[in-house]
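Colleague: Could you look at this predicted model? Sequence included:
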Amino acid sequence: MSLPPVSLPIFPLTGSLLLPGMWLPLHVFEPRYRNMVEDAWSGDKHIGMVQPVVPRQDNSPPPDAPPENPEIYPVGCAGVMDQLQRSEDGRYYLQLQGITRFRIVRELAPRRGYRCVEADYAPFAGDAATPAERDNAQLVEALLRFGKEHQMAFDPARLHGLPAASLINGLSMSLPFAPAEKQALLEAAGLAEREALLLALMGMGLGKRPEPGGGAGPPVN
């Protein structure tokens, strides 16, 4: 799959992590982001997912911040749109497939109200490589303990049968970690580092629990 364009529309959304090779369902209702979906769908279908630095419940801005330009983390993940559906009231439902992470070089002029950036994919060239197989045993054990503590049920047989990359990235996206912790998972150097961070976050004692914002670079405004 070819790289997304350097000029990339972005969708700032708290807690919504996208990783290469994974799928993220999106519900788009704000008018400017409807514009973004329409433009992307009629073009190359690429969107970049990023997180605001200050968490926003339901993507609403805090009272003292302008809604149009929240500070965002400098690393996101680009994806390609699929399965677009439009409701009668104009909302969009779609699936976004992660392709590669990117670092924001600079912010570009907005288009039809939504934000765009110049994206640098070079630091994450390894995202395109086929990951080596890994043993899921330690991660599954940690997950079962985590699930018991948080009243979450998992099927061990199914988890052991998943490719390691799918399990590690899927858990990074779906487990109820804080937004800054999800950002740290996104920015992990590779699959091994992401797994180690997951284990730390789940309390396996393999590393100190990261402080909020750990692993994330300075924000972009």
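Modeller: On my side now, so go ahead. Numbering: from 1, shown residues only.
Colleague: Help me confirm that Arg112 comes into contact with Val37.
Modeller: No. The pair Arg112 / Val37 is not scored as a contact, 10.8 Å apart, by CB atoms under 8 Å. All C-beta atoms are positioned from the backbone trio N, CA, C, and that covers glycine.
Colleague: So which of these two has more stuff around it?
Modeller: A count of neighbours by other CB atoms under 10 Å puts Val37 above the other of Arg112 and Val37, at 23 against 13.
Colleague: what about that one, helix or strand, and which?
Modeller: Per DSSP states H and E, Val37 falls inside helix 31-42.
Colleague: Neighbouring strands of the next helix or strand after that helix in the sheet, and parallel or not?
Modeller: Under the assignment DSSP H and E, the closest C-terminal helix or strand after helix 31-42 is strand 46-50. Its sheet considered, strand 46-50 pairs with strand 7-12 (parallel), strand 75-86 (antiparallel) by DSSP bridges.
Colleague: Between the two ends of stretch 156-176, how far is it?
Modeller: Here the two ends of stretch 156-176 are set 19 Å apart, with distance taken as CA to CA, to the nearest Å.
Colleague: if we can go back for a sec, tell me which of the strands paired with strand 46-50 sits most buried.
Modeller: strand 7-12 (a mean of 21; mean count of other CB atoms under 10 Å).
Colleague: Average pLDDT for it, rounded please.
Modeller: Strand 7-12 carries an average pLDDT of 97.
Colleague: Leu185 is nearest to which of the strands paired with strand 46-50?
Modeller: strand 75-86 (11.0 Å; CB to CB).
Colleague: Following element in sequence after the closest one, please.
Modeller: strand 92-111.
Colleague: For that following strand, name the packing helices and strands.
Modeller: Other helices and strands packing on strand 92-111, by 3 or more CB pairs under 8 Å, 6 or more residues apart in numbering; DSSP states H and E, are strand 7-12, strand 23-28, helix 31-42, strand 46-50, strand 75-86, strand 114-120.
Colleague: would you turn these into TSV with distance to Leu162?
Modeller: Output for these, formatted as TSV (distance: least, CB to CB, whole Å):
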stretch	distance to Leu162
strand 7-12	27
strand 23-28	14
helix 31-42	30
strand 46-50	23
strand 75-86	20
strand 114-120	30
